[in-house]
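Student: dropping the sequence and predicted coords here.
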Amino acid sequence: MEKVNLPYGIKRIGVDAFGACGRLTILDIPSSVESIGEMAFANSALKKLDLRKNRITEVSNRLVYGCWQLSEIYLPETVVIIGDEAFAFIPVTSIVLPSALQQIGMNPFRYCNRLQSLSFSSPSERFSIVYPFLLDMETDSAICCVGQASGSIEVPAIRAIGDYCCTGCEQITNIVIPDTVSYIGKEAFSFCINLETVRIGKTKNLEIRDCAFEECYNLSLFSVEGDVISIGQDAFREPVKKSL
């Protein structure tokens, strides 16, 4: 099926309801829908997701994960939670987030390498954008990096770089991390394949979690002026080089 018009009166769309529908490009969701389950549209052929007429409060985990044709997303102002990897692996170029957001899960834009513009409908009390990072001001951490980030970037004066924050940001070449950072999360910079240098200031008690710089096989300089208290499993793991 290529097009589905759901009847008015439906209140919930269940988990994985239209998952992997490889021909489904158009889905009309009635305003009566109040909640949508995890991975409801994941790996489908949807081209557009418009929820502006719905009063949903949560974008569930991996809602449109892997929707390879999804280039347009519109969210209602009622959304207060965006789940883990909600929009991961899609070709969207621009997203406007509702200002009422109270919680954003693990990198919702993971591998959105075409994402050029990320903004809020109006100033948010909890979150801010300091290009190329989406920041959680309550936890003093970076949630994610906009997919089009490239060249040399500087991490702002925060406490933590979250799990999967910059995974797969292939155009980043150099990173400067300030001495305020004491936590670099799991796979924070994994698969940044063109990353060449990382310079970290006089930090105290720095934790580098599992796979933080995994598969950064062009990394030639990693400099820390401060104290490192732990380095996680496979933190700097490179691909196995096979010889014939």
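Tutor: That came in fine, so what should we check first?

Student: so where is this structure shaky, pLDDT-wise?
Tutor: 147, 239-244 (pLDDT under 70).

Student: report the contact partners of Lys53.
Tutor: By Cβ atoms under 8 Å, 6 or more residues apart in numbering, the contact list for Lys53 reads 31, 76. Backbone N, C-alpha and C define where each C-beta goes, glycine included.

Student: mind giving me the domain ranges of this structure?
Tutor: According to automatic domain parsing, the chain comprises the domains 1-125, 131-239.

Student: how far is the last one from where the chain is centred?
Tutor: Which is domain 131-239. 14 Å (Cα atoms, centre = their mean, to the nearest Å).

Student: over to the longest one?
Tutor: For domain 1-125, the distance from its own C-alpha centre to the chain's C-alpha centre is 13 Å (Cα atoms, centre = their mean).

Student: right, and Arg237 touches Glu215 too?
Tutor: Yes - with contact defined as Cβ atoms under 8 Å, Arg237 counts as touching Glu215 (7.1 Å).

Student: between these two, which one's more packed in?
Tutor: Shown here are Arg237 and Glu215; by other Cβ atoms under 10 Å, Glu215 has more neighbours (20 against 16).

Student: how much space separates that one from Asp234?
Tutor: Distance of Glu215 to Asp234, given as Cβ to Cβ, to the nearest Å: 9 Å.

Student: please apply the same query to Ala142.
Tutor: Using Cβ to Cβ, Ala142 is found at 21 Å from Asp234.

Student: so between these two, which is more surrounded?
Tutor: Neighbour count, other Cβ under 10 Å: between Ala142 and Asp234, Ala142 has more, with 26 against 16.
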